[in-house]
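[1] could you work out the structure for the sequence below:
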Amino acid sequence: MQRYFSEIKKDNLLFLNKNDIYHIKTVMRMKENDRIEVVYQKQLHICQLDSEYNAKIEKIITNEFTKKQYVLCVPILQEQKMSFVLQKATELGVDVIVPILTNRSKIKIDGKETKKLERWQKICKEASEQSKRLTIPQISSATKITDLNFSGLKLVCSVKEKNNTLKKILKDNLNYDKIVMVIGPEGGLTPLEEKQLIDLNFIPISLGNNVLRVETVPIYLLSILNYEME
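    Sure, this is the predicted structure:
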């Protein structure tokens, strides 16, 4: 059953945006009385389409599953790689994505941030629907390293660190509700940037002996978190 998200509810109806209605009519070729899943305020609703392609609620399915919050801080990448990271991180359960500005980042977004954020949010929405999530990851505006003031367990991927693995850190830190992960760009974070993060209480972690591409790291991290935590 196809899943969509709604932000508007009136009585027993959930209203979909025009892009979703277009998808339902033109791509999925659904008609009146066909059933869809609609997420509203983190609750799953089984609905039936009416003649105007609004979603008439038939049943609400209660979700009792809870997990730690995952925050991914990733450098701004070329469009294809950024889309890949957003899609896969969403499928693997990330909750917040923070594009970070680093000295070695090659991609600049001056004057284009609003359009990029809209496109990135759309990618996360579609990935959330495809992977049957109850939430859509929040994407923040581009942020400097020195402004990453988060609570929780804070980790930074470091090519210099050899001993602290993600598994080891998680074993010693089970009581945090939020895990924040910082990934550097191609070429890594500069020594100054890494020091700035350590000063903000980020813990350097090793990703093993192999040097991974930037777009591979979120999959690596989130897969381990899902295995260890869930």
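[2] for the protein, which segments count as helices?
    18-22, 79-91, 113-130, 166-172, 191-199, 217-229 (DSSP state H).
[3] the chain: strands as residue ranges?
    3-5, 8-10, 13-15, 35-40, 43-49, 55-61, 69-75, 96-101, 138-139, 143-144, 153-157, 178-182, 203-205 (DSSP state E).
[4] paired strands for the fifth one, with orientation please.
    Taking DSSP bridges as the criterion, strand 43-49 forms sheet pairs with strand 35-40 (antiparallel), strand 55-61 (antiparallel).
[5] how far away from the center of its chain is it?
    Strand 43-49 sits 23 Å away from the centroid of its parent chain (C-alpha atoms, centre = their mean, to the nearest Å).
[6] return the alpha-carbon coordinates of it using CSV.
    Extracted as CSV, the C-alpha positions of strand 43-49 are listed here (Å, rounded to 0.1, in the frame of the first residue of the first chain):
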residue,chain,number,x,y,z
GLN,A,43,0.5,8.2,13.4
LEU,A,44,-0.3,5.8,10.6
HIS,A,45,-3.8,6.0,9.1
ILE,A,46,-5.3,3.5,6.7
CYS,A,47,-7.5,5.6,4.4
GLN,A,48,-9.8,5.4,1.4
LEU,A,49,-9.6,8.0,-1.4
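[7] how about the helix-or-strand element of the chain with minimal mean pLDDT as PDB, C-alpha atoms only?
    Across the helices and strands of the chain, mean confidence by mean pLDDT, DSSP states H and E is lowest for helix 166-172: a mean of 87. The C-alpha coordinates for helix 166-172 follow below in PDB (Å, rounded to 0.1, in the frame of the first residue of the first chain):
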ATOM      1  CA  LEU A 166      31.900   3.100  17.000                       C
ATOM      2  CA  LYS A 167      31.100  -0.200  18.600                       C
ATOM      3  CA  LYS A 168      33.400   0.500  21.600                       C
ATOM      4  CA  ILE A 169      32.000   4.000  22.200                       C
ATOM      5  CA  LEU A 170      28.400   2.700  22.000                       C
ATOM      6  CA  LYS A 171      29.200   0.000  24.600                       C
ATOM      7  CA  ASP A 172      30.400   2.600  27.000                       C
END
